[in-house]
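[1] one predicted model, sequence on top.
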Amino acid sequence: MEITISEQKIKELIRSALAVRENAYVPYSGFMVGAALLTEDGNVITGCNVENASYGAALCAERNAVGKAVSMGYRNFRAIAIAGGMKDGISDYTYPCGICRQVLAEFAGDTDLIVISARSKTDYKIISLSELLPEAFSAKDISVNT
Ligand code: THU
């Protein structure tokens, strides 16, 4: 995909995702995830995963970030950085789960969302949401004006 944000913004998003990952509440899986959304007007909104003794009630970092951002009045996002891994470190690139892909698609606006998966500040991969979720089901399919 064509990358339309600066290297500096990418780094800022990764730094934010890594920082908020430290707040992950993960007593059950031990898998800590941080996410940082870039709004269309340049703000960065973060979220971490929050687990629960009733496992199915766990909240993913990405959806937490989206919920926080929307409740702050932001609805259009250009990019999201994600950093996920066990407590002792990040070994793999983490990409949003299926439900989070769908939720991100809701607020991706007219342009594709840039998804940055980071293992560290300098080690990351970039992919677009439409590559992760092609032919997304959306408001257009149910003829509803949002
Ligand atoms: N998790 C996320 O926060 N984001 C993802 O994209 C994948 C999974 C969380 C949910 C749960 O707290 C833990 O990672 C293990 O599944």
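    Arrived safely. It should be emphasised that the depicted structure is a prediction, and the values quoted were computed from it without experimental measurement.

[2] who does the helix ranked longest in the chain touch, helix- and strand-wise?
    In terms of residue count, the longest helix belonging to the chain (DSSP state H) is helix 7-21. Here helix 7-21 touches strand 31-39, strand 44-48, strand 77-86, strand 114-118, strand 124-128, going by 3 or more C-beta pairs under 8 Å, 6 or more residues apart in numbering; DSSP states H and E. (Each C-beta comes from the backbone N, C-alpha and C, glycine too.)

[3] partners of the second one, with directions?
    For strand 44-48, the paired strands and their directions (DSSP bridges) read strand 31-39 (antiparallel).

[4] report whether the strand it pairs with contacts the ligand.
    Yes - counting by C-beta under 6 Å from any ligand atom, contacts between strand 31-39 and the ligand involve 31, 33.

[5] could you dump the helices and strands packed on helix 7-21 to a markdown table with mean pLDDT and mean neighbour count?
    Output for those, formatted as a markdown table (pLDDT from 0 to 100; neighbours: other C-beta atoms under 10 Å):
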| stretch | mean pLDDT | mean neighbour count |
| --- | --- | --- |
| strand 31-39 | 98 | 25 |
| strand 44-48 | 98 | 23 |
| strand 77-86 | 98 | 24 |
| strand 114-118 | 98 | 24 |
| strand 124-128 | 98 | 16 |
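
[6] would you put the C-alpha positions of the longest helix of the chain in CSV?
    Backbone C-alpha positions of helix 7-21 (Å, rounded to 0.1, in the frame of the first residue of the first chain) are rendered in CSV as follows:
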residue,chain,number,x,y,z
GLU,A,7,8.1,8.2,9.4
GLN,A,8,7.9,10.5,12.4
LYS,A,9,4.1,9.8,12.9
ILE,A,10,4.7,6.1,12.5
LYS,A,11,7.4,6.3,15.2
GLU,A,12,5.1,8.3,17.5
LEU,A,13,2.3,5.8,17.1
ILE,A,14,4.6,2.9,17.9
ARG,A,15,6.1,4.7,20.9
SER,A,16,2.5,5.2,22.2
ALA,A,17,1.4,1.6,21.5
LEU,A,18,4.5,0.3,23.4
ALA,A,19,3.9,2.7,26.3
VAL,A,20,0.2,1.9,26.8
ARG,A,21,1.0,-1.9,26.4
